[in-house]
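>>> Next input, structure requested:
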Amino acid sequence: MQLKPALILACAAVFCAHAADPRSAATDYPAHAEWAGGSIGAEYLVHSVPTEQSMLFADNYLVIEVGVFPKNKQETPIPGITFHLMVNGKLRIDADAPGMVAGSMSFSGLPGQNGHFPNDPTVQQPLPRPPNPGAGTNSEPTEPLTVDDLLKHAALPATAAKPAGGLLFFPFEGKTKKIRTLELVWEPPNAEPVTLKLR
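Below you'll find the model as predicted:
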């Protein structure tokens, strides 16, 4: 059986960027734009899901990393329902909640799942939470985060008064090689829609 490399890829948090940490500025993202309340940047990650503990793979979703940079610490609603993905200029896709994404990722290769046989190489072993610097040597070991928790932590928050980053998940079962153009459309409050050309 041929394995997808992305299913067995894992990296510690110190070695991989966590999408929930925004970059320094919107211009640090491949696609970026201004709106009345600040600036926004985005990057198309295909199916890759960078989290605080490991790199996951959402086969049935297109994953977009987003950074929002409000002006003057202005509280800005940025829920997933205000974002839409336009594929090839025709297909409009709305974002799914992290819980729905986690439910779709029920296949081997995800943390905490059993393989088909002992030491199945397709199963990615969960990475433990980083140790608490203030904890003593007799402290209880922490449990690894579940896939549901990892996706919730990596998702774009619903509001932001300071620079915020995170992921958006758009359901897609087509072939990515057939995507000619890809645009992220955001409808900020009390402002004109913003379009980011991702591809």
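>>> Could you list the low-pLDDT ranges of this structure?
Residues of the chain meeting the criterion pLDDT under 70: 1-19, 106-142.
>>> what are the ranges of the strands in it?
With DSSP state E as the criterion, the chain has strands at 31-35, 38-44, 48-50, 55-57, 61-70, 76-77, 83-87, 91-94, 159-160, 164-171, 182-186, 194-197.
>>> How about residues contacting the first one?
Contacting residues not belonging to strand 31-35 are listed as 26, 39-44, 184, 186, 188, 191-192, 194-198 [CB atoms under 8 Å, 6 or more residues apart in numbering]. C-beta: built from backbone N, CA, C; applies to glycine.
>>> What's the ChimeraX line that selects buried ones from the residues you listed?
Here is the ChimeraX command that selects the buried residues among those (16 or more other CB atoms under 10 Å):
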select :26,39,40,41,42,43,44,184,186,188,194,196,198
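>>> if we can go back for a sec, can you redo the strands of the chain as TSV, where the extra columns are distance to L145?
Listed next are the strands of the chain as TSV, based on distance: least, CB to CB, whole Å:
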stretch	distance to L145
strand 31-35	29
strand 38-44	23
strand 48-50	13
strand 55-57	11
strand 61-70	18
strand 76-77	27
strand 83-87	25
strand 91-94	27
strand 159-160	23
strand 164-171	15
strand 182-186	27
strand 194-197	30
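>>> These: which one's closest to A20?
A20 lies closest to strand 164-171 among the strands of the chain, at 5.1 Å (CB to CB).
>>> list the contacts for the residue most central in space within the chain?
Residue closest to the mean C-alpha point of the chain, counted by CA atoms, centre = their mean, is L167 at 3.0 Å. Neighbour list for L167: 19-20, 45, 49-50, 63-66, 151, 154-156 [criterion: CB under 8 Å, 6+ apart].
>>> and which of those is nearest to R92?
R92 has its nearest neighbour among these in I64, at 14.2 Å by CB to CB.
>>> I'd like the distance between the closest one and Q53.
From I64 across to Q53, the span is 21 Å (CB to CB, to the nearest Å).
>>> Same question for P144.
Taking CB to CB, one finds P144 at 7 Å from Q53.
>>> the more surrounded of these two?
Applying other CB atoms under 10 Å to P144 and Q53 shows that Q53 carries more neighbours, namely 24 against 16.
>>> shouldn't the more buried one be in contact with L145?
Yes: Q53 is within contact range of L145, at 5.9 Å (criterion: CB atoms under 8 Å).
>>> What is the burial count for M86?
M86 has 17 nearby residues by other CB under 10 Å.
>>> which strand residues sit across from it in the sheet?
Taking DSSP bridges as the rule, M86 bridges to R92, E183.
>>> residues in contact with it?
If you count contacts by CB under 8 Å, 6+ apart, then M86 has 92-93, 181-185 around it.
>>> Make CSV out of these and add distance to I78.
Converted to CSV, the contacts of M86 look like this (distance: CB to CB, whole Å):
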residue, distance to I78
R92, 19
I93, 18
T181, 24
L182, 20
E183, 18
L184, 12
V185, 13
